[in-house]
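Q: Any chance you can model this:
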Amino acid sequence: MPPKAPRFATADDTTPTLRRLPWGWAGLVVALGLLLLVQLVLADRARLAGDANWRPRLELACGVLGCDLPPWHSPDDFRVTTREVQPHPTVPGVLLITASFRNDARWAQAWPVLEIALQDLDGQALGLRRFQPVEYLGSPPASPLIAPGQSASATLEILDPGKRAVAFTFDFH
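A: As a prediction, the model looks like this:
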């Protein structure tokens, strides 16, 4: 009589095989895979929220799951609609700069930092300064975000750099 193999080495009807697993296990594996994918996307949502293709999906997911997204940030979507640089009417040696701008982004975004650069006739920079929203609005904004299509006005007083400054550029950060 040949020696009997140990029980773990023999196949019997009680040993599960991959073919005998019920569909419930396969469904569980798929569900856990999808859950992992959702967790990965939510963990990286701050970076993905800056992508116009991902943002609507993330807003929907966060609406359901109760998570938050950072504000949209696209400084290139701010447009200067009017601007004027003139001598201050009451303070000698000071320029009064007024400008209006609009948020042309599809989503609300944080108030931008306004950059004003002064150049001479050759295009050389004479000065550059960045203004925080509280500085160009005169007070903290009523809302932390500027809505799509919303316009705002900025008023600034800067020292007059003299006749060398012939050009002013406005940029947003």
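Q: after the longest helix belonging to the chain comes which helix or strand?
A: Looking across the chain with DSSP state H, the single longest helix is helix 23-43. The helix or strand immediately downstream of helix 23-43 is helix 45-48, counting by DSSP states H and E.
Q: The chain: helices as residue ranges?
A: Under DSSP H, the chain gives helices at 23-43, 45-48, 55-65, 133-137.
Q: And the longest one, what does it pack against?
A: Read that as helix 23-43. Counting contacts by 3 or more CB pairs under 8 Å, 6 or more residues apart in numbering; DSSP states H and E, helix 23-43 packs against helix 55-65. For the C-beta atoms, the positions are set from N, CA and C on the backbone; glycine is no exception.
Q: Packing partners of the helix it packs on?
A: helix 23-43, helix 45-48.
Q: which residues touch His88?
A: Residues near His88 by CB atoms under 8 Å, 6 or more residues apart in numbering: 94-96, 157.
Q: okay if I get those as CSV plus neighbour count, distance to Val29 and pLDDT?
A: Below are the contacts of His88 laid out as CSV (neighbours: other CB atoms under 10 Å; distance: CB to CB, whole Å; pLDDT from 0 to 100):
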residue, neighbour count, distance to Val29, pLDDT
Val94, 13, 70, 91
Leu95, 18, 68, 90
Leu96, 17, 68, 92
Glu157, 10, 66, 91
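Q: just to revisit the earlier point, can I get the longest helix of the chain in CSV, CA atoms only?
A: In CSV, the C-alpha atoms belonging to helix 23-43 read as follows (Å, rounded to 0.1, in the frame of the first residue of the first chain):
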residue,chain,number,x,y,z
TRP,A,23,-19.4,36.1,-7.8
GLY,A,24,-19.7,37.9,-4.5
TRP,A,25,-15.9,37.7,-4.1
ALA,A,26,-15.2,39.1,-7.5
GLY,A,27,-17.7,41.9,-6.9
LEU,A,28,-16.0,42.6,-3.6
VAL,A,29,-12.6,42.8,-5.3
VAL,A,30,-14.0,45.2,-7.9
ALA,A,31,-15.7,47.4,-5.3
LEU,A,32,-12.5,47.6,-3.2
GLY,A,33,-10.6,48.5,-6.3
LEU,A,34,-13.0,51.3,-7.1
LEU,A,35,-12.9,52.5,-3.5
LEU,A,36,-9.1,52.6,-3.7
LEU,A,37,-9.3,54.7,-6.9
VAL,A,38,-11.8,57.1,-5.2
GLN,A,39,-9.4,57.5,-2.2
LEU,A,40,-6.5,58.2,-4.5
VAL,A,41,-8.4,60.9,-6.3
LEU,A,42,-9.6,62.5,-3.1
ALA,A,43,-6.1,62.4,-1.6
